[in-house]
Structures are given as C-alpha cells and as structure tokens.
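# I would like the atomic coordinates for the input below:
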Amino acid sequence: MDPVTAAVPPPRSEAAGPARAVRRSLAVALLCGALGAAVALLSTRQRWAAGTATVAGGHFPLTARGSDITGVPAALAIVGLAALVAVFAVRRAGRFLVAGLLALSGAGIAAAALQGASDRSALDDRAAQVSGDTTTGVAALTHTGWPYVAAVGGALILLAGLLALLYGRHWPTMSGRYERTGTPRARKAPAVDPDRPEDVWKALDRGEDPTGA
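Residues are numbered from 1 along each chain as shown. All right, here's what the predicted structure looks like:
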C-alpha cells in the first residue's frame, strides 16, 4: 500500500490582503465622508459666539451662529457630499480629480472653521446695527466649541478624500447596465402559436421557423 500523505492546505491568495485593504478603505471613506459632512452642516447651525451690545445705558445680548460668521463650511460640506457620490460615477483621471476635490473640501472646511473660532466681526456688525452707532463693538465676547467640531467634520472629509486618492482606482464603479450605449437592444421574437395560422404566416414573413426546430 502506498503511504498516506498528509493533505497540504492550499496557500492563501496573495491578493486577499490588498483586496481586504481596498474594501476597508472604501467603507472608511464612505463613513468619514458622510459623517464629516453631517457634522459640518450641523455645527454651522449652532451658536459659535456670544456677547453684549450697549444700548441706551443697558446691555443687549447678542449671539451668532456658524452660518452668521462664515458660510464656507456649509457650502463645502455640500460640495464634499457631491464629490463623494461622484467618485463612483467617474473613472481613471476623472476619479482622481473628484477625489482631490473631496480632499480640498475637507481642508477648506477645517480652515474656515478654525478661522471663525475667534471671529468677532459678525457680532461687531450686529452690535453696530442694534446700537445705531457704527463705532460700537461687541463686549464680553465669548466663543463656543462648535467651530472646532466643524473642523473635525472637515478633517473627516479630508480623510475620505485622501483614501479616495490612494485607493480610489481600485474601487468599483456604477453598474454599466445603467449607462446608455449606442448598441440597440436585441428584441425578443414573439411566441408563435402553431394553432393560429396568422402567427405562422407572420413568423414566415420574418424569416423564422414557426415549428421552432
């Protein structure tokens, strides 16, 4: 009898590691992009700064939301969302350009939010309107942490863009069945009922065999 040889397990595919990295990068990019845009949009609706204006010997409280201070984070968050979706609709160089736009959107959000964290011009303008004196500025100025939250949202979008730049060429694209091509679709021939003479004659006119042989 031949000696029984131990079964050798098949070697692991060398492509398993890179494929896993591509899938992980896709999932992380989608999560970071969507979450970052949501965080940036939500943060711009919150109060970023507060202070008081002197009016007729009294103090009038003033507040400013993120959108009052700067509209850049909200606008770039929408651009980032559009770019995140467009990454899967384009290929090759187009995907690289869209991924770059996604990364730049995140960087722009973070920069604008950090700049707005210490801004006082919006409340100064409001204090001048309330008091009727253009030289009046806001007093007791304070800032909240929401600008930094918006900056975190921008950093998440930036991360999604960087992942798209590094791994985007391996990500799937939208299904080709949704793309219109110049090739006409083949039309299925109607069924022929051999008991109906008119169907038989129509099949013969089309050059078909009505018997189905």
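# What number of residues are in the vicinity of residue 164?
Neighbour count for residue 164, taken as other C-beta atoms under 10 Å: 28. For glycine as for every other residue, the C-beta is placed from the backbone atoms N, C-alpha and C.
# Kindly report the same for the one 4 residues further on.
Other residues near residue 168 come to 23 when the count uses other C-beta under 10 Å.
# Now do the contacts for it.
Residues in contact with residue 168, defined by C-beta atoms under 8 Å, 6 or more residues apart in numbering, are 87, 95-96, 99.
# List just the nearest of those to residue 29.
For the contacts of residue 168, the residue nearest residue 29 by C-beta to C-beta is residue 87; the value is 8.2 Å.
# My understanding was that residue 144 contacts residue 63; is that so?
No. Under the criterion of C-beta atoms under 8 Å, residue 144 is not in contact with residue 63, lying 9.7 Å apart.
# tell me, what's touching those two both at once?
Shared contacts of residue 144 and residue 63, defined by C-beta under 8 Å, 6+ apart, are found at 47, 49-50.
# Let's see if you can find the most crowded of the residues you listed.
Within the shared contacts of residue 144 and residue 63, most neighbours by other C-beta under 10 Å means residue 49, with 25 neighbours.
# Quick check: that one touching residue 125?
No. With contacts counted by C-beta under 8 Å, residue 49 stays clear of residue 125, the gap being 12.0 Å.
# Heading C-terminal from the helix or strand hosting residue 40, find the next helix or strand.
If you go by DSSP states H and E, residue 40 is part of helix 16-44. Next helix or strand after helix 16-44 toward the C-terminus (DSSP H and E): strand 47-55.
# where exactly do the strands run in this structure?
Ranges of strands within the chain are 47-55, 58-65, 139-143, based on DSSP state E.
# quick one: which of the ones you listed is nearest residue 82?
It is, among the strands of the chain and with distance given as C-beta to C-beta, strand 58-65, at 23.6 Å.
# what's the closest one packed up against?
strand 47-55, helix 121-131 (3 or more C-beta pairs under 8 Å, 6 or more residues apart in numbering; DSSP states H and E).
# Name the stretch among the ones you listed that sits most buried.
Most buried of the helices and strands packed on strand 58-65, by mean neighbour count (mean count of other C-beta atoms under 10 Å): strand 47-55, with a mean of 20.
# Check which strands are paired with it and give the direction for each one.
strand 58-65 (antiparallel), strand 139-143 (antiparallel) (DSSP bridges).
# Can you point out the buried residues in the first one?
It refers to strand 58-65. 62, 64 (16 or more other C-beta atoms under 10 Å).
# now it against helix 121-131, angle please.
Interaxial angle, strand 58-65 versus helix 121-131 (axes from the mean of the first three to the mean of the last three C-alpha atoms, to 10 degrees): 140 degrees.
# Residue 23: neighbour count?
13.
# Next one: it relative to residue 171, how far apart?
Applying C-beta to C-beta, to the nearest Å, the value for residue 23 to residue 171 is 9 Å.
# now do residue 147
Distance from residue 147 to residue 171, by C-beta to C-beta: 32 Å.
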